[in-house]
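*Asks:* Everything below, folded, please.
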Amino acid sequence: MKRLLLCFILLTASRQAYSQALDQLGVKKGISMNGSINASTTAYKANGIESRRDPLAWYLNGNININMFGYAMPFSFSYSNQGRNYSQPFNQFRFAPSYKWARAYLGSTSMNFSNYTLAGHMFNGVGVELSPGKWRVSAMYGTLLKAVPFDPLVPESYNRAAFQRNGAGVKVGYESNGDMYSVSLFHAKDYITSLPYIPADATISPKENVAVAVNIRQHITTHIFVDAEYSVSALNRDLRSEKNAFDSSRGTSNFLGNLLKPTNTTRYFDAIQAGLGYTGSFYTIQLRYERVAPDFVTLGAYNVVNDMRNITVAPTVQLFGGKVNVSANAGMQVNNLDNSKASDAKRLVANINTGINPNEHWTINAGYSNFSNYTRVRPLIDPYFNNPLDTLDFYQVNNSYNAMLMYRTGDQNKQQAITLNSSYQYASDKSSAKDAVANLSKFFTSNLSYSYNLPPKTLSMTGSVNYYRNTSAGLNTTFMGPSVNVNKQFFDKTFRTGVTATYNVTKATSESNTTNNTLFNTGLNVNYSPKGKQPEGAAHKTTHNIGASVMWMLRGAAASQPGYNELTSTINYTYSF
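*Replies:* Numbering: from 1, shown residues only. Coordinates of the predicted model:
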C-alpha cells in the first residue's frame, strides 16, 4: 500500500517537470492528456463521547483523460485507508476508453439496460457499449456485491454479511428517426462458497435472478407516438433448495424456466409500462399505463416499487411565450394485485408542477404530489464518515406540497436575493380495513434566506433561518435556528476564504417527557490557487490548489445525555493538468 501511494505522489510531483513536453507532443502527434489528482488528510478529535471515526485518515483520488489519435481513454481511481470500514469497497478505479461508436468500461462502474433488468447497479468488472450506425449493443460482466463474511465475535456483522454476487447482461437495440426497438437479458447469481461460515440463525440466503425486457418506441404519425416496455423476472430466493421437475401447477411453463430451473423457492414476476402521446404546438399530452407485479425483484436494481397499477394522463402546457409552464400527471392507482393482502387501496393520484417567470426579478415554483415513492436519505455533512444510523430508507404513500418564491435585484456591482422555500408532507399507511389504525406522519420544512453579493469586491454574504417540524407516532419534533455564511476572495481571486456558523435548537416532545437539544457548528475554510502560465500549445491549463478547513461542533447537554464537542481538520491538495 505504501509503495502504491509513493508511486502516485512521485507521479504528482514530477508532473510539472514534463507536462509541457507532453502537451507539445499532443499537438504534433495527436496525443493529449488532462485530468486531476487530489490528496487529502483529515484529523479528528472528540471530547465527551467516544470517537466516531479514526483520528487520522487520508484519501487519494483522481481522474486522467488520455486521447490518443481519436481514442478516448478516461481513467479514474479512489483510494483511502478508510476502505476497511465499509461493507462494500470504497477503494476503486474506473477506466472507460472509447473510439468513435465504441466505448468500454473497466473497473467500478454502472450501466442501465431498463428499469426492470439492470438499472444503475454498481459493479466491478467490464462493460461495452457499441453504436455502429442505427444499432445499439451493450454488454457487461462483473461483481455486483463483494462477499462480506460473518464474524461470530461481532453480532452487528450479521446485518452486513453478504454473498459474493456476480452478474452478466446484454442489450441489443435498433434506432431510426426517433423510433427504437430493444431487448435486454440480465443474470445475477450469489456464490454459496464465498462465505466460509454461515450461522444457523442467519437470515440471508444465496439468490439467483434472470430478467428479460423488451422495449419499443414508435411514431405512428408526426404528432402521435407510442412506447411500451414488458419485463419478466425469475428469482430463486435460495440456491440451496432442490431443483424440481416441471410442474404446471407451479406456474413455471415459460421460456425463463429454461434459463433458471424451477425450485421450491423460485418465483416469476412481470412488469409492463406503456404510453400513447400527442405533441401539439404548445402542449403535449400522454396516456400512460404501468403495472408491476407484487414482490417484483431484479438483482440489477437497488429498489423497484411493486404491487401497484397506475393509469394516468400527463399533460404539459407552455403559456405566454414560455413564462408559465405547467406539467401534470393524474390518474388511478391500485395495489394488492394478487389479492394476497387482507385489504387493498384504490385512490386517485396526482402530480402537478408549475413554474412562473414573469420577469427577470421574480421566480415562482409550486408543486403537489400524492404518488407512492421510495426515499433513501444520507446526510452529506461529511462524505468520508459513514454512520448507518444516519441513513434513512422508507417507502410510503404520501401527500406533499412544495413552493419556492425568489426575488432578485441588482446590477454588476451589487446583487441581492431573497428566497423562501417551504414544503409540507402528509404521510399515512392506514389500510382500508375497518379496524385499521392510521399511522400518521406530518413533516413541515421552511427556509428563508437573504444573499448579498458585491462582485467588484469578490464578497458574498448569506443569512438564513431554518424551521422544521415533524409529528409522527406520538412524537413531536421541532427544529429551528439561523445560519450565516461569508465568503471573500483576495489577491486577484487566487486566495479564497469562507466562514460559516449555524445554531440549531431541537425540541422533542413525547407522551412521557420533553427533551431540548442545542447544536452549534462553525467552520473556516481557505483555498489558494496560484495563477500559472499555460504552456505554449497546451490544450488544458495546469493549476494547483491547496486548501484547508477546520470545523468545530458543540452539542449541548440534554436530560441524562452530557454535552460533547468534535473538531475536524482537513488539508487537501489538487493538481489539474
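
*Asks:* Please name the bridge partners of Leu60.
*Replies:* Bridge pairing for Leu60 (DSSP bridges) gives the partners Ala39, Tyr79.

*Asks:* Could I get the pLDDT score of it?
*Replies:* Predicted confidence (pLDDT) for Leu60: 89.

*Asks:* Then Asn516?
*Replies:* 86.

*Asks:* Three-state assignment for it, please.
*Replies:* Classification of Asn516 by DSSP: H, G, I helix; E, B strand; the rest coil places it in strand.

*Asks:* which residue packs closest to it, ignoring adjacent ones?
*Replies:* Spatial nearest neighbour of Asn516, excluding adjacent residues (Cβ to Cβ, 6 or more residues apart in numbering): Lys507 at 5.3 Å. C-beta coordinates here come from the backbone N, C-alpha and C atoms, glycine included.

*Asks:* try Arg136
*Replies:* Gly173 is the one closest to Arg136 (Cβ to Cβ, 6+ apart), at 4.0 Å.

*Asks:* Likewise for Asp492?
*Replies:* Lys531 is the one closest to Asp492 (Cβ to Cβ, 6+ apart), at 7.2 Å.

*Asks:* Help me confirm that the one you found comes into contact with Thr494.
*Replies:* Yes: judged on Cβ atoms under 8 Å, Lys531 makes contact with Thr494 at a distance of 5.9 Å.

*Asks:* re the thing from before, could you check which helix or strand contains the residue nearest to Arg136?
*Replies:* Using DSSP states H and E, Gly173 sits within strand 164-176.

*Asks:* What lies in contact with the next helix or strand after that strand?
*Replies:* Sequence-wise, the next helix or strand downstream of strand 164-176 (DSSP H and E) is strand 179-191. Outside of strand 179-191, the residues within contact range by Cβ atoms under 8 Å, 6 or more residues apart in numbering are 113-114, 117-118, 136, 138, 144-145, 147, 163-174, 206-219, 239, 259, 298-300.

*Asks:* related to what we said a few turns ago, who's the residue nearest to Asn516 bridged to?
*Replies:* Applying DSSP bridges, one finds that Lys507 bridges with Thr478, Asn516.

*Asks:* ok, now which ones touch it?
*Replies:* 477-479, 514-517.

*Asks:* among the residues you listed, which two are most distant?
*Replies:* Phe479 and Thr514 (14.3 Å; Cβ to Cβ).

*Asks:* who has more neighbours, these two?
*Replies:* For Phe479 versus Thr514, the count of surrounding residues by other Cβ atoms under 10 Å is larger for Phe479: 17 against 10.

*Asks:* That one contacts Thr506, correct?
*Replies:* Yes: shown here, Phe479 and Thr506 form a contact pair, counting by Cβ under 8 Å, at 4.9 Å.

*Asks:* host element of the closest residue to Asn38 other than its chain neighbours?
*Replies:* Ranked by Cβ to Cβ, 6+ apart and with sequence neighbours excluded, the top spatial neighbour of Asn38 is Thr574, at 4.5 Å. Using DSSP H and E, Thr574 sits within strand 564-576.

*Asks:* Listing partners with orientation, what would you give for that strand?
*Replies:* Strand 564-576 is paired, per DSSP bridges, with strand 31-47 (antiparallel), strand 543-555 (antiparallel).

*Asks:* Show me the least confident stretch of the ones you listed, going by mean pLDDT.
*Replies:* With a mean of 91, strand 31-47 has the lowest mean pLDDT of the strands paired with strand 564-576.

*Asks:* Sort out which residues of that strand are buried, please.
*Replies:* 32-40, 42, 44, 46 (16 or more other Cβ atoms under 10 Å).

*Asks:* Same check on stretch 258-268?
*Replies:* For stretch 258-268, by 16+ other Cβ under 10 Å, it's 260, 262-263, 265-268.

*Asks:* Can you add pLDDT and give those back as TSV?
*Replies:* Output for those, formatted as TSV (pLDDT from 0 to 100):
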residue	pLDDT
Leu260	75
Pro262	75
Thr263	76
Thr265	83
Thr266	87
Arg267	88
Tyr268	90
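
*Asks:* picking that back up, could you redo the strands paired with strand 564-576 as a markdown table and give each row distance to Val484?
*Replies:* Putting the strands paired with strand 564-576 into a markdown table (distance: least, Cβ to Cβ, whole Å) gives the following:
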| stretch | distance to Val484 |
| --- | --- |
| strand 31-47 | 24 |
| strand 543-555 | 15 |
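
*Asks:* residue ranges with poor pLDDT in the stretch 401-550 of the chain?
*Replies:* Where the stretch 401-550 of the chain drops to pLDDT under 70, the residues are 428-439, 532-540.

*Asks:* just the contacts of Lys507 now: which is nearest Asn527?
*Replies:* Looking across the contacts of Lys507 and measuring by Cβ to Cβ, the closest to Asn527 is Phe479, at 30.9 Å.

*Asks:* quick one: contacts for that closest one?
*Replies:* Counted by Cβ under 8 Å, 6+ apart, Phe479 has contacts 466-469, 504-507.

*Asks:* what does Leu256 give?
*Replies:* 210, 212, 232, 234, 268.

*Asks:* which SS class is it?
*Replies:* Under three-state DSSP, Leu256 comes out as helix.

*Asks:* residue contacts, the residue nearest to Asn38?
*Replies:* 36-38, 544-545, 547.

*Asks:* Equivalent analysis for Thr462, please.
*Replies:* Thr462 neighbours (Cβ under 8 Å, 6+ apart): 449-452, 484-486.

*Asks:* pretty sure Ser400 contacts Tyr368?
*Replies:* Yes: assessed by Cβ under 8 Å, Ser400 is found in contact with Tyr368 at 7.2 Å.

*Asks:* between these two, what contacts are shared?
*Replies:* Common neighbours of Ser400 and Tyr368 (Cβ under 8 Å, 6+ apart) do not exist.

*Asks:* Give me the number of neighbouring residues for the closest residue to Gln415 other than its chain neighbours.
*Replies:* Leaving aside its sequence neighbours, Gln415 sits nearest to Asn453 (Cβ to Cβ, 6+ apart; 4.4 Å). Look at Asn453: counted by other Cβ under 10 Å, it has 17 neighbours.

*Asks:* and the end-to-end length of stretch 445-463?
*Replies:* End-to-end distance for stretch 445-463: 17 Å, by Cα to Cα, to the nearest Å.

*Asks:* residues of it that come out buried?
*Replies:* Result for stretch 445-463 [16+ other Cβ under 10 Å]: buried residues 445-449, 451, 453, 460, 462.

*Asks:* No further questions, thank you.
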